[in-house]
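Student: predicted structure and sequence below. I'll ask about it afterward.
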Number of protein chains: 2
Amino acid sequence: MKVGIAIFPSKKLQDLANSYRKRYDPQYALIPPHITLKSAFELNEEELTEVSSELEKISEKFQPFTLNTKKISSFHPVNNVIFLKVEPTEELVGLHQAVNTSFFGGPAEYAFVPHITIGQQLSNSEHADVFGQLQLQKIEHQETIDRFHLLYQLDNEIWTVYETFLLGK
Amino acid sequence: MKVGIAIFPSKKLQDLANSYRKRYDPQYALIPPHITLKSAFELNEEELTEVSSELEKISEKFQPFTLNTKKISSFHPVNNVIFLKVEPTEELVGLHQAVNTSFFGGPAEYAFVPHITIGQQLSNSEHADVFGQLQLQKIEHQETIDRFHLLYQLDNEIWTVYETFLLGK
């Protein structure tokens, strides 16, 4: 099965992200707003249990941290993904590194730019139009992140949470 | 915020339930297939933390149990809900009782009939038609349930998992 590791921020921040996603993100209905810690990879059921206990150990080593988001940014021209930029703190970067080791199938494919996607699969002209409006928006949000989640994808592409891991517990 | 307590069965059983839900359940996109332990109730953020630690205690008192489902059933004529009937085991009934005490806002409104909804909001004639076909289907599925989830509902009515509780840990 296809699994992934992600952080769901507070309801407040998810609702804010969704106010954009419902218009600009075709994955809106498949997964709530999140910060990806590890993109989708394949596991069988036995490996799921092993990965789960490894994540349990990792969660004990990291403390809750502050999520800070101040602006809407874009990966253009690499791709037309628009996102809430999340400031990389030491804990967040460390956590990302810890779940992207060889145990979990190797290092991340890209440098880690923590973010919450709010728009994707936009054409170049849509992207220019939407990002042109959104980049002017003032975002100012801070909250504590104290957990992350292991998810798997159902046949209909919707993600289900398998387990929550509390940081520093 | 609106929260609820539910069990997500295995991917296999969720995929089976979704094969019906995509046609017959308008809530298909809002939450993965589940057994409701406690229907939606209101909490503020502070109470969410309290409820969460209470559920942690409850999860320690119950052991993983076998989920058994053998047939498709219906609540008609009470309502036109079609579901996978889940056999009530001692642990499942005990768990349901434990999360429906005064601490969580009082006892359940209805007697507990454990089930996974696969169709709802059907007209009487749709119900008769669909249930007429489905009740003949042979279902034979058994699995171990070792966890349940506390969820909250976003403004767009999609549910997010707040925390997973492992039974007997």
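Tutor: Sure, I can see it. Numbering: from 1, shown residues only, chains lettered A, B, ... in the order given.
Student: so who does A:Q135 touch?
Tutor: Applying CB atoms under 8 Å, 6 or more residues apart in numbering or on different chains to A:Q135 gives the contacts A:71-74. To be clear about C-beta, it is placed using only N, CA and C from the backbone, and glycine gets the same treatment.
Student: dump the residues you listed to JSON lines, plus pLDDT and secondary structure.
Tutor: Shown next, in JSON lines, are the contacts of A:Q135 (pLDDT from 0 to 100; DSSP: H, G, I helix; E, B strand; the rest coil):
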{"residue": "A:K71", "pLDDT": "95", "secondary structure": "strand"}
{"residue": "A:I72", "pLDDT": "97", "secondary structure": "strand"}
{"residue": "A:S73", "pLDDT": "97", "secondary structure": "strand"}
{"residue": "A:S74", "pLDDT": "97", "secondary structure": "strand"}
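Student: filter those to the buried ones?
Tutor: Among the contacts of A:Q135, those buried by neighbour count (16 or more other CB atoms under 10 Å in any protein chain shown) are A:72-74.
Student: specify which member of these is nearest to chain B.
Tutor: Closest to chain B out of these is A:I72 (19.2 Å), distances taken as CB to the nearest CB.
Student: who's in contact with stretch A:71-90?
Tutor: So stretch A:71-90 is in contact with A:13, A:16-17, A:20, A:24, A:35, A:65-70, A:92, A:112-124, A:126-127, A:130-131, A:134-135, A:137, A:139, going by CB under 8 Å, 6+ apart.
Student: which stretches in chain A count as strands?
Tutor: A:2-7, A:35-42, A:65-74, A:82-86, A:115-119, A:141-145, A:147-153, A:159-166 (DSSP state E).
Student: now render those strands as a markdown table, adding distance to B:W159.
Tutor: As requested, those are exported to a markdown table (distance: least, CB to CB, whole Å):
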| stretch | distance to B:W159 |
| --- | --- |
| strand A:2-7 | 15 |
| strand A:35-42 | 19 |
| strand A:65-74 | 21 |
| strand A:82-86 | 21 |
| strand A:115-119 | 18 |
| strand A:141-145 | 20 |
| strand A:147-153 | 13 |
| strand A:159-166 | 10 |
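Student: show the pLDDT at A:S19.
Tutor: On pLDDT, A:S19 comes in at 97.
Student: meant to ask about A:S102
Tutor: pLDDT recorded at A:S102 is 77.
Student: separation between it and A:E54?
Tutor: For A:S102, the distance to A:E54 equals 12 Å [CB to CB, to the nearest Å].
Student: okay, those two: which has more neighbours?
Tutor: Each of A:S102 and A:E54 has its neighbours counted (other CB atoms under 10 Å in any protein chain shown); A:E54 has more, 15 against 7.
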